[in-house]
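1. Could you work out the structure for the sequence below:
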Amino acid sequence: MFTFAARNTEISSMVSQKKIKTALISVFHKDGLDEILTLLHREGVKFYSTGGTQTFIESLGMPCNAVENLTGYPSILGGRVKTLHPKVFGGILNRRDNATDQQQIKEYDIPGIDLVIVDLYPFSETVASGASDADIIEKIDIGGISLIRAAAKNFNDVVIVASKNQYGALHKLLTEKGANSTLDDRKWFAKEAFAVSSGYDAAIFNYFDGGDGSYFRQAFDTVLPLRYGENPHQKGMFYGDFDALFEQLHGKEISYNNLLDINAAIDLISEFDELTFAVLKHNNACGIASRSTVKEAWEAALAGDPVSAYGGVLICNAAIDVAAAEEINKLFLEVIIAPAYDAQALEILRQKKNRIILVLKQGIAGQARKDDPVGGEAANHGSPVGSEAARHCGLDPQSPANHPQFRSLLNGVLVQDKDASIQTKADLTVVTTKSPTPSQVEDLLFANKLVKNTKSNAIVLAKDKQLCASGVGQTSRIDALKQAIEKARAFGFDLDGAVMASDAFFPFPDCVEVAHAAGITAVIQPGGSVRDDLTVDYCNKNELVMVTTGIRHFKH
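-> Sure, this is the predicted structure:
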C-alpha cells in the first residue's frame, strides 16, 4: 500500500541520484574491467587514464583521454607522479552544490570526475613473495591511495571503486541503473574504499614495524557472518579467510563455537608427526591416540571418553579411509577435519546431512610425509578427496595459523606470540635417579604435547600413546589430577605404568604422591618450583621417573 513515508523515500532517492559522465580509471589488475568499460562506454561516459590502463581501454576500441593532456605534465619520476595534480583532484573533490567550488572549477578549467576506479599496487603480495626492500617500497601506491581517499571523501558526488573485488558491485550497479547512482550507493562504495585504504596502510605499517609491535594495526578483508556468537543472543562474526585454510565438502554453516573447536583441533594435531586422531569438546581433547592405522587411532581416541565425544570435533592428520569412516559414522559429531578422504569414506560420512566435513588444505599443512611406512596406498585408495598425496600433515610454521594471537579485553587488545615450542627427547632433563625407558619417553612427549593444548590448570594421564584422561581448567593442580584419575577409572583405564604431564610446575609434592598411588610411574613437568627438591625426593624414594622441560605451557 502506498504511504507518504514510501513516497518521501522515493523522492529522496531521486534527488540523491547522480549521473556518471566522466570516469578516471587507473588500475593494476584489469581482469573483468572490459565488461565495466563496455557498460560505461554505452552510457556515453568519458574516460581519463594513464599508462597501461589507457592502452588497455584504447585496445578495446574506446576513446580515452590521457591524464597527461589534462594536467599538462607527463608521468615523471619513473611513474611515481602521474595523477597528483589539482586538475585531477579538483575534478574529484569539487562539491557540485557549492557555488564557490563551481566558480573555481570553471575558472581553472577543471573537468568534473564522477567515477574513480583504482586498483592499488599489490603491496602485501610483493612482501609475501620475498621481494627485495627496493621492490617492496616501489609497490607502495601513492597516487592510487590519494585518489581513493579523495573520491571517498566526496561520496556525495563521486562513486569510488577501490579494488578489483568491487568490480562486481559496480557491474551490478551499471546493469541495473545505467550510469546513475544514489547517495546510498555512493556511501556504500566509500565505506568499502576506506576499508581498502586502511587495510593497505596497516600492511605497510606492519612491514616497517617488522614485528616489534610498536602499535596494534590489523586488518582483515574477508568476513564470515555467523548465525550467532557463543550463545544465540550474541551476534557473531569471523574476520579472516576460512576458505584459504579449509575446503568444506559437506554440512551446515560453520558456527562461532565450531570455529573455536576447529582452531583448538588444528593447534593440537599440528604437534604430531605420526598418524594421530583426536576428539575435542569445548576446545579440549577428550580423546587422542597415535596408532599405525586411522581406524585403530580413531578407536583408541574414542575410548578416552566416549561420552564427551558425542557432538564433538574430530581431526586426523591422515586421509580417512573406508574402514575408519564406517566406525566414525556410528557417532554423532559436529565436525571432522582431515587432509583427504577416500571417495567411499566421504560417501559414508555424508550420510548425516548437517555433519561438517572439512579438508585441511595442503597450503597450510606442509608437504605430505611420503616416506612414512604407514602412508601411501591406503591414503590414495579410491581417489581420495583433498590433497592427492596427503597422508600426514604437520602445519607449516609460516602458515596463517601461526600468526601472533590477540584477544580483546578491558579497553584494549592483548597480543602474544603463538606457543610454538614443541619439546623433543633432547629437551628433557632427567632429575631423578631412575631414567625413563624408550617407551616412557614416547609417552611423556605425547602427554606433554597434549597438556600444552589443554586449558589450565591441566594434568594429562597417558599410556601407550593414548590419552587415558585429563583434568581440565581446574583452580588447583591437585584437583586437576584427581579429576583425571577419577575419569580414567570411570572409563576402565588401568593406570599402572601410565605417565603424567603437567602444564606448570608442582608447588608441592602432593600431586606426585597421589599419582604414584594411582599407578603412575613417570612424570613430565616444566620444573622451577622452590620446592622441586621435595617432589624429586619423593620420586626417588618411590622409584618414580621425573623429567623436566624448563618450558611452561599455560593456556587460558
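
2. got the buried residues for the lengthiest helix in the chain?
-> The helix that spans the most residues within the chain, counting by DSSP state H, is helix 183-209. By 16 or more other CB atoms under 10 Å, the buried positions in helix 183-209 come out as 183, 185-186, 188-190, 192-197, 199-200, 202-204, 206-207. No exception for glycine: its C-beta is placed from N, CA and C like everyone else's.

3. repeat for stretch 117-137
-> I117, V118, D119, L120, Y121, F123, S124, T126, V127, I136.

4. Quick one: residues in contact with that stretch.
-> Residues from elsewhere that reach stretch 117-137 (CB atoms under 8 Å, 6 or more residues apart in numbering): 23-29, 33, 36, 138-141, 144-145, 147-148, 160-164, 170, 196, 200, 203-204, 207.

5. hang on, the earlier thing: just the mean pLDDT for the longest helix of the chain, thanks.
-> Throughout helix 183-209, pLDDT has a mean value of 95.

6. for that helix, packing partners?
-> helix 4-16, helix 123-128, helix 143-153, strand 159-161, helix 167-177 (3 or more CB pairs under 8 Å, 6 or more residues apart in numbering; DSSP states H and E).

7. what residues does the helix or strand hosting Q103 touch?
-> For Q103, the host element (DSSP states H and E) is helix 99-107. Residues from elsewhere that reach helix 99-107 (CB under 8 Å, 6+ apart): G90, G91, N94, R95, R96, I110, G112.

8. Apply 7 Å and report the result again.
-> G90, N94, R95, G112 (CB atoms under 7 Å, 6 or more residues apart in numbering).

9. And stretch 273-288, by the same measure?
-> Counting by CB under 7 Å, 6+ apart, 260-261, 264-265, 268-269, 289-292, 294, 297-298, 301-305, 308-309, 312-318, 374, 392, 394, 450, 453-455, 467, 472 sit against stretch 273-288.

10. returning to that earlier point: tell me how far the helix holding Q103 is from the chain's mean position?
-> 49 Å (CA atoms, centre = their mean, to the nearest Å).

11. Could you pull up the mean pLDDT of the helix or strand following that helix?
-> Per DSSP H and E, the first helix or strand lying C-terminal to helix 99-107 is strand 115-119. Across strand 115-119, the average pLDDT comes to 94.

12. Please name the strands paired to strand 115-119 in the sheet, noting orientation.
-> strand 22-27 (parallel), strand 159-161 (parallel) (DSSP bridges).

13. Worst mean pLDDT among those?
-> Comparing mean pLDDT across the strands paired with strand 115-119, the lowest value falls on strand 22-27: a mean of 94.

14. now it, how far from the centre of its chain.
-> 34 Å.

15. do the same with stretch 157-173
-> 26 Å.

16. Repeat that for stretch 98-110.
-> 49 Å.

17. CA atoms only: put it into CSV for me.
-> The C-alpha coordinates for stretch 98-110 follow below in CSV (Å, rounded to 0.1, in the frame of the first residue of the first chain):
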residue,chain,number,x,y,z
ASN,A,98,28.9,24.6,-3.6
ALA,A,99,28.9,27.8,-5.6
THR,A,100,32.5,28.7,-4.7
ASP,A,101,33.8,25.3,-5.7
GLN,A,102,31.9,25.5,-9.0
GLN,A,103,33.2,29.0,-9.7
GLN,A,104,36.8,27.9,-9.2
ILE,A,105,36.3,24.7,-11.3
LYS,A,106,35.2,26.9,-14.2
GLU,A,107,37.9,29.5,-13.6
TYR,A,108,40.7,26.9,-13.8
ASP,A,109,39.0,24.8,-16.5
ILE,A,110,38.9,21.6,-14.3
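
18. what mean pLDDT would you report for that stretch?
-> 92.

19. The residue nearest to I520 when sequence neighbours are not counted - how many residues pack around it?
-> Distances taken as CB to CB, 6 or more residues apart in numbering place M500 nearest to I520, at 4.8 Å, with adjacent residues excluded. For M500, the count of nearby residues is 31 (other CB atoms under 10 Å).

20. sorry, back to before: can you list the helices and strands that the helix or strand following the longest helix of the chain packs against?
-> Of the helices and strands lying after helix 183-209 in sequence (DSSP H and E), the nearest is strand 223-225. Packing partners of strand 223-225 (3 or more CB pairs under 7 Å, 6 or more residues apart in numbering; DSSP states H and E): strand 237-239.

21. Distance from the chain centre to the strand it packs on, please.
-> Computed by CA atoms, centre = their mean, the separation of strand 237-239 from the middle of its chain amounts to 10 Å.

22. Stretch 266-284 too?
-> Worked out by CA atoms, centre = their mean, stretch 266-284 lies 17 Å from the chain centre.

23. what distance separates the start and the end of that stretch?
-> Start-to-end span of stretch 266-284 (CA to CA, to the nearest Å) is 12 Å.

24. Kindly report the same for stretch 119-136.
-> Span of stretch 119-136 from end to end, CA to CA: 17 Å.

25. Give me whichever of the helices and strands packed on helix 183-209 is most buried.
-> A comparison of the helices and strands packed on helix 183-209 by mean neighbour count, using mean count of other CB atoms under 10 Å, puts strand 159-161 on top with a mean of 27.

26. which residues are contacting that strand?
-> 20, 114-117, 148, 151-152, 167, 170, 181, 186, 189-190, 193.

27. For V413, state which of the residues you listed is nearest.
-> Nearest to V413, judged by CB to CB, of these is A193 at 25.2 Å.

28. where does the chain have low pLDDT?
-> 1-15, 362-402 (pLDDT under 70).
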